[in-house]
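Engineer: got a predicted structure plus its sequence, pasted below:
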Amino acid sequence: MELAFIPSPSRGVLHLGPIPLRGYAFCIIIGVFVAVWLGNKRWVARGGQSGTVADIAVWAVPFGLVGGRLYHVITDYELYFSEGRNWVDAFKIWEGGLGIWGAIALGALGAWIGCRRRGIPMPAYADAVAPGIVLAQAIGRWGNWFNQELYGRATDLPWALEITSTADGRVPGTYHPTFLYESLWCVGVAVLVIWADRRFTLGHGRAFALYVAAYCAGRFWIEYMRVDDAHHILGLRLNNWTALFVFLLAVVYIVVSAKKRPGREPVVEPGAADGDGDGAKTVGDGGDAPGEDQKDDKGEETTEAEKDEPAEKDDAVPQDVTDGAGSAKKS
């Protein structure tokens, strides 16, 4: 008899009249809002303009959703194209099934398009949004809880997940809540990236690469615990191999980038230093702030009254005679 366990919801959708409200979709939407909010704060702190992250997200998010769905459908094609299956279900993204690898790949393509349109360096943008992306993953994993999917081996631990559904071959029982493990791991990765970014002043895409490497490390052991059907290569699940390969790429990028382009980008968004276009002048604009005294060629301050006095001609200036004390007298 289990003393405690995490109960699964009896259903993952509520109906508001004819409108279905799906828990999986809500988790994805909330995650996107959190990612944009945190990314905007970090982007402004880096010297960018508020709203730029959201503008680029308009490109990145749709691309990411399509990429995530494509990866899932391609790697689990038998769920949609085998005998007795309906291929139309491949378009029902609200029922679950997003592959993070495809989401990041095509999402990056969408972000690149948005950055090119704004004249923004893609690596700097990626660094700013990295913690927000992994927090969005942490929130999105709770969508799997609503759908009673992506759990691990059977266990009687107090935090075991109770599965009650029998759909798609599920066997009711208590299992390792791998969705929860990954959610907590993602929160830890977000904290790690924020800390490392402040501690080491990461730039040129290295904060994003750190997120990728840290996430892949956790995904490897979490994926190893899962018991849902998956393609295997040399005894390992396909996602294990993907996590290992992407982890190595991220680590290599961090090392090479740190040697070739140390430090951080001094400017992340051209024109951001001008503010919101209020016309304020700064040093180097060719103008002076109102009310400030200007300096003459010798570096001495001149008052407004002195600036209004007409300059005397050199031939009209009487000759000065300097006494032994160094004081100037007119002859």
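Structural biologist: Sure, I can see it.

Engineer: so where's the protein shaky on pLDDT?
Structural biologist: 1-3, 15-16, 272-331 (pLDDT under 70).

Engineer: in it, which residue is closest to the centre?
Structural biologist: Central residue of the chain (CA atoms, centre = their mean): residue 129, 2.0 Å from the mean position.

Engineer: which stretches of this structure form strands?
Structural biologist: Counting by DSSP state E, the chain has strands at residues 13-16, 19-22, 161-163, 173-175, 232-233, 236-237, 294-295, 301-302, 320-322, 328-330.

Engineer: just to revisit the earlier point, so the residue nearest to the centre of the chain sits against residue 53, correct?
Structural biologist: Yes: at 6.3 Å, residue 129 counts as touching residue 53 under the criterion of CB atoms under 8 Å. To be clear about C-beta, it is placed using only N, CA and C from the backbone, and glycine gets the same treatment.

Engineer: and for those two, which residues touch both?
Structural biologist: Taking CB atoms under 8 Å, 6 or more residues apart in numbering as the criterion, residue 129 and residue 53 both touch 39, 43.

Engineer: list the residues that contact the residue nearest to the centre of the chain.
Structural biologist: Taking CB under 8 Å, 6+ apart as the criterion, residue 129 is in contact with 35, 38-39, 42-43, 53, 111, 208.

Engineer: export those residues as TSV, with columns for neighbour count and distance to residue 148.
Structural biologist: Formatted as TSV, these follow (neighbours: other CB atoms under 10 Å; distance: CB to CB, whole Å):
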residue	neighbour count	distance to residue 148
35	25	25
38	22	29
39	28	31
42	20	35
43	28	37
53	26	34
111	24	33
208	27	32
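
Engineer: just flag the most distant two among those residues.
Structural biologist: 38 and 111 (15.3 Å; CB to CB).

Engineer: residue contacts, residue 60?
Structural biologist: 107-108, 110-111, 114.

Engineer: and of these, the nearest to residue 153?
Structural biologist: Set against residue 153, the nearest of the contacts of residue 60 by CB to CB is residue 107 (31.2 Å).

Engineer: isn't that closest one up against residue 64?
Structural biologist: Yes: the pair residue 107 / residue 64 is scored as a contact, 3.0 Å apart, by CB under 8 Å.

Engineer: let's see the ChimeraX selection covering just the buried ones among the contacts of residue 60.
Structural biologist: To isolate the buried ones among the contacts of residue 60 in ChimeraX, judged by 16 or more other CB atoms under 10 Å, type:
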select :107,108,110,111,114
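
Engineer: ok, so of the contacts of residue 60, who is nearest residue 148?
Structural biologist: residue 107 (26.7 Å).

Engineer: this protein: helices as residue ranges?
Structural biologist: With helices called from DSSP state H, the chain shows them at 23-45, 52-75, 78-81, 100-118, 122-140, 142-147, 178-200, 206-225, 238-260, 304-308.

Engineer: just the C-alphas of stretch 130-139, formatted as PDB.
Structural biologist: The C-alpha coordinates for stretch 130-139 follow below in PDB (Å, rounded to 0.1, in the frame of the first residue of the first chain):
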ATOM      1  CA  ALA A 130      18.600  31.300 -22.400                       C
ATOM      2  CA  PRO A 131      17.400  31.200 -18.700                       C
ATOM      3  CA  GLY A 132      13.900  32.100 -19.800                       C
ATOM      4  CA  ILE A 133      13.800  29.300 -22.300                       C
ATOM      5  CA  VAL A 134      14.800  26.700 -19.800                       C
ATOM      6  CA  LEU A 135      12.200  28.000 -17.300                       C
ATOM      7  CA  ALA A 136       9.600  27.700 -20.000                       C
ATOM      8  CA  GLN A 137      10.600  24.100 -20.400                       C
ATOM      9  CA  ALA A 138      10.200  23.600 -16.600                       C
ATOM     10  CA  ILE A 139       6.700  24.900 -16.800                       C
END
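
Engineer: burial of residue 117, as a residue count?
Structural biologist: Counted with other CB atoms under 10 Å, the neighbours of residue 117 add up to 11.

Engineer: for it, give its distance to residue 52.
Structural biologist: 11 Å (CB to CB, to the nearest Å).

Engineer: now residue 232
Structural biologist: Distance, residue 232 to residue 52, by CB to CB: 43 Å.

Engineer: and those two? Which one has more around it.
Structural biologist: residue 52 (22 against 11).

Engineer: for that one, list the residues it contacts.
Structural biologist: Listed by CB under 8 Å, 6+ apart, the contact set of residue 52 reads 40, 43, 118, 120, 269.

Engineer: now the residues you listed in TSV, with distance to residue 134?
Structural biologist: Listed next are these as TSV, based on distance: CB to CB, whole Å:
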residue	distance to residue 134
40	16
43	16
118	23
120	21
269	23
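
Engineer: out of those residues, who has the most neighbours?
Structural biologist: Counting by other CB under 10 Å, top hit in the contacts of residue 52: residue 43 with 28 neighbours.

Engineer: what's the closest non-adjacent residue to that one?
Structural biologist: Nearest residue to residue 43, sequence neighbours excluded (CB to CB, 6 or more residues apart in numbering): residue 128, at 4.3 Å.
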